[in-house]
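**Student:** Mind folding the following:
(one chain, ligands or ions: 1)
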Amino acid sequence: MNKLAAASSESTRASGPTRAEHAAGMAAYLDDGERLAGEVGNRGPVRFDANGKLHPEILAAYWKHGFYVFEGVVGAAEVAALRADVDNMLERAPVTPGATVDAEGRPALGRDFARETYTFIKPLSDPWGGTDKLNGRHPSQMTQPAPDADAPEDVVYLMYGMCQSMLSGLRVYGHPSLLAIAEAINGTDFVPYNDAIFVKQPGLGGSVAWHQDGVTHWNSPDWDEGIHGFNFQVQLYPTTPGNCLWVMPGTHKDGRIDIKRRVAENGGSDKLPGAVPLICQPGDATIVNRQMLHGSFANTSPDLRISLTFGFHCRTSILGQKGVLAVNAEDVYDEQRIFDRAAVIAVAIDARRQHFPDETPFRYQPFAGLEDDFAFNDETFGRVLRDYNTKDLAI
Ligand SMILES: O=C(O)CCC(=O)C(=O)O
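**Tutor:** Modelled structure (predicted):
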């Protein structure tokens, strides 16, 4: 029995322009964004220095623009395994929001997990913009095109808990290059945030209204450009200007932005000038500073996007904070809570080591010497991985 929330649809059916009208109305903006993205650059393969640390040029480029596109981080075979596991999660979703069985009549995935696995929305809708959901951090609603007549009533928007529901998801969480990037940005004692899989089906996927992710530290005397951490997105399919995440370069330095006003000053249009699309190939991984202004449009394009999204923080940003964006708002992030959630990284590294024996595993400093206690096996699945996402460290 699900203790926290039944899967219900988070939005109401949209009635804006048709899908085709929306796509046509986006075309010039998408072209402009693609051109601007080419000018900014900030992409390439991951590179390390002689000491095995992320190359300082990449780090400097990340801190300058607030994002980076790492090309070809995850290999083709691993992407294929991730796609298969994501397909399985999608097939095993409740057949309708709140149902206990999937479309085949089998028990839906995650009905015995403590935290709901799926968020459903109405096709092409914006579930959060202009609402007070998620601390009201999406103040302005995006255009909500009307879906085609044959669109389903509800579509999966997000899936949670990839480290317990997808073996390939657990393994990618322990990817040595990704963890080395996290360490370079947030220090050797970095800690996890959460994970979510964004599902943007062609002609159905909803938007994510313009927002900044962080909610806790905007007025902190210790505020800096990295205090709210960053998110990875590992892309399983090519991403295009029409379906991808858009970011406003440099805005991680700007403090809290009046998004409502920006949209108003743009004539009420969500096509904000200056933003760039994060165009990727399968296996590319992006990093986006959680203080950046970012968002994505309803997917009226013909292309599927699946983005495995997971973030990391500096330990100092988390320790002693309360769980504003967490499942339980009263949670306090003490040493034990951080240790318990960070243990997922240690188990993920071992799951990866077992699967890719020729790869050099990442050494996660907070668990150095504790590797035997956090090897991947049935016992740690129960002790560490099961319902790990009730312990997310969200700020
Ligand atoms: O991928 C998307 O469309 C939205 C991602 C996002 O908003 C986030 O990672 O904070």
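
**Student:** Tell me the helix or strand right after the helix or strand bottoming out on mean pLDDT in the chain.
**Tutor:** For the chain, using mean pLDDT, DSSP states H and E, the weakest element among its helices and strands is helix 133-136, scoring a mean of 84. Using DSSP states H and E, the helix or strand that follows helix 133-136 towards the C-terminus is strand 155-160.

**Student:** contacts for that next one?
**Tutor:** With Cβ atoms under 8 Å, 6 or more residues apart in numbering as the test, strand 155-160 has contacts from 10, 86, 89-90, 93, 115-123, 127, 165, 194-199, 201, 204-206, 389. C-beta coordinates here come from the backbone N, C-alpha and C atoms, glycine included.

**Student:** for whichever residue of the chain sits closest to the ligand, what are its contacts?
**Tutor:** Closest to the ligand within the chain is residue 296: 3.3 Å, counting by Cβ to the nearest ligand atom. With contact taken as Cβ under 8 Å, 6+ apart, residue 296 is in contact with 198, 200, 207-208, 243-246.

**Student:** let's see 10 Å
**Tutor:** 126, 142, 198, 200, 205-210, 239, 242-247, 277-278, 305, 307 (Cβ atoms under 10 Å, 6 or more residues apart in numbering).

**Student:** filter these to the buried ones?
**Tutor:** Among these, those buried by neighbour count (16 or more other Cβ atoms under 10 Å) are 126, 142, 198, 200, 205-210, 239, 242-247, 277-278, 305, 307.

**Student:** follow-up on the earlier one: quick check, the least confident helix or strand of the chain touching the ligand?
**Tutor:** No. Using Cβ under 6 Å from any ligand atom, helix 133-136 never reaches the ligand; the gap is at least 9.9 Å.

**Student:** Which pLDDT value goes with the nearest residue to residue 76 once chain neighbours are set aside?
**Tutor:** Distances taken as Cβ to Cβ, 6 or more residues apart in numbering put residue 283 closest to residue 76, at 6.7 Å, once the chain neighbours are dropped. In this prediction, residue 283 carries a pLDDT score of 98.

**Student:** now swap in residue 3 and tell me
**Tutor:** Reported pLDDT for residue 3: 36.

**Student:** likewise residue 326?
**Tutor:** 69.

**Student:** restrict the contacts of strand 155-160 to those near the ligand?
**Tutor:** Contacts with the ligand within those, counted by Cβ under 6 Å from any ligand atom: residue 198.

**Student:** just checking, which of the contacts of strand 155-160 belong to helices?
**Tutor:** 86, 89-90, 165 (DSSP state H).

**Student:** Which parts of the stretch 151-300 of the chain are helices?
**Tutor:** Along the stretch 151-300 of the chain, the segments classed as helices by DSSP state H, counting those that start in this stretch run 162-165, 167-173, 176-186, 259-265.

**Student:** I would like the residues contacting the first one, please.
**Tutor:** Surrounding helix 162-165, the residues in contact under the criterion Cβ under 10 Å, 6+ apart are 82, 85-86, 88-89, 92, 109-110, 113, 115, 117, 159, 168-174, 192, 195-197, 308-310, 344-345, 347-348, 351, 381, 384-389.

**Student:** Could you pull up the contacting residues of residue 318?
**Tutor:** Neighbouring residues of residue 318 by Cβ under 10 Å, 6+ apart: 190-193, 216, 229, 333-334, 337-338, 341-342, 393-395.

**Student:** of these, buried ones?
**Tutor:** The neighbour-count test (16+ other Cβ under 10 Å) marks 190-193, 216, 229, 333, 337-338, 341-342, 393-395 as buried among the contacts of residue 318.

**Student:** Let's verify residue 343: helix, strand, or coil?
**Tutor:** helix (DSSP: H, G, I helix; E, B strand; the rest coil).

**Student:** Name the nearest residue to it, sequence neighbours excluded.
**Tutor:** Using Cβ to Cβ, 6+ apart and skipping the chain neighbours, the partner closest in space to residue 343 is residue 384 (4.7 Å).

**Student:** Could I get the contacting residues of that neighbour?
**Tutor:** Residue 384 neighbours (Cβ under 10 Å, 6+ apart): 163-164, 340-348, 373-374, 376, 391.

**Student:** Taking those together, which two end up most distant?
**Tutor:** 164 and 373 (18.7 Å; Cβ to Cβ).

**Student:** neighbour count winner among those two?
**Tutor:** residue 164 (21 against 14; other Cβ atoms under 10 Å).

**Student:** separation between that one and residue 307?
**Tutor:** Distance, residue 164 to residue 307, using Cβ to Cβ, to the nearest Å: 19 Å.

**Student:** circling back: need the buried ones from the contacts of helix 162-165 selected in ChimeraX.
**Tutor:** The command below creates a ChimeraX selection of those among the contacts of helix 162-165 that count as buried (16+ other Cβ under 10 Å):
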select :82,85,86,89,92,109,110,113,115,117,159,168,169,170,171,172,173,174,192,195,196,197,308,309,310,344,345,347,348,351,384,385,387,388,389
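
**Student:** residue boundaries of the strands in the stretch 251-395 of the chain?
**Tutor:** Ranges of strands in the stretch 251-395 of the chain, per DSSP state E, counting those that start in this stretch, are 276-277, 285-289, 294-296, 305-313.

**Student:** Could I get those in CSV, plus columns for distance to residue 27?
**Tutor:** Formatted as CSV, the strands of the stretch 251-395 of the chain follow (distance: least, Cβ to Cβ, whole Å):
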stretch, distance to residue 27
strand 276-277, 13
strand 285-289, 23
strand 294-296, 17
strand 305-313, 18
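
**Student:** Sort out for me which of the contacts of residue 296 are in strands.
**Tutor:** Using DSSP state E, the members of the contacts of residue 296 that fall in strands are 198, 200, 208-210, 246-247, 277, 305, 307.

**Student:** could these be laid out in JSON lines, adding pLDDT and distance to residue 233?
**Tutor:** Shown next, in JSON lines, are the ones in strands among the contacts of residue 296 (pLDDT from 0 to 100; distance: Cβ to Cβ, whole Å):
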{"residue": "198", "pLDDT": "98", "distance to residue 233": "8"}
{"residue": "200", "pLDDT": "98", "distance to residue 233": "12"}
{"residue": "208", "pLDDT": "97", "distance to residue 233": "12"}
{"residue": "209", "pLDDT": "97", "distance to residue 233": "17"}
{"residue": "210", "pLDDT": "98", "distance to residue 233": "17"}
{"residue": "246", "pLDDT": "98", "distance to residue 233": "12"}
{"residue": "247", "pLDDT": "98", "distance to residue 233": "11"}
{"residue": "277", "pLDDT": "98", "distance to residue 233": "13"}
{"residue": "305", "pLDDT": "98", "distance to residue 233": "9"}
{"residue": "307", "pLDDT": "98", "distance to residue 233": "4"}
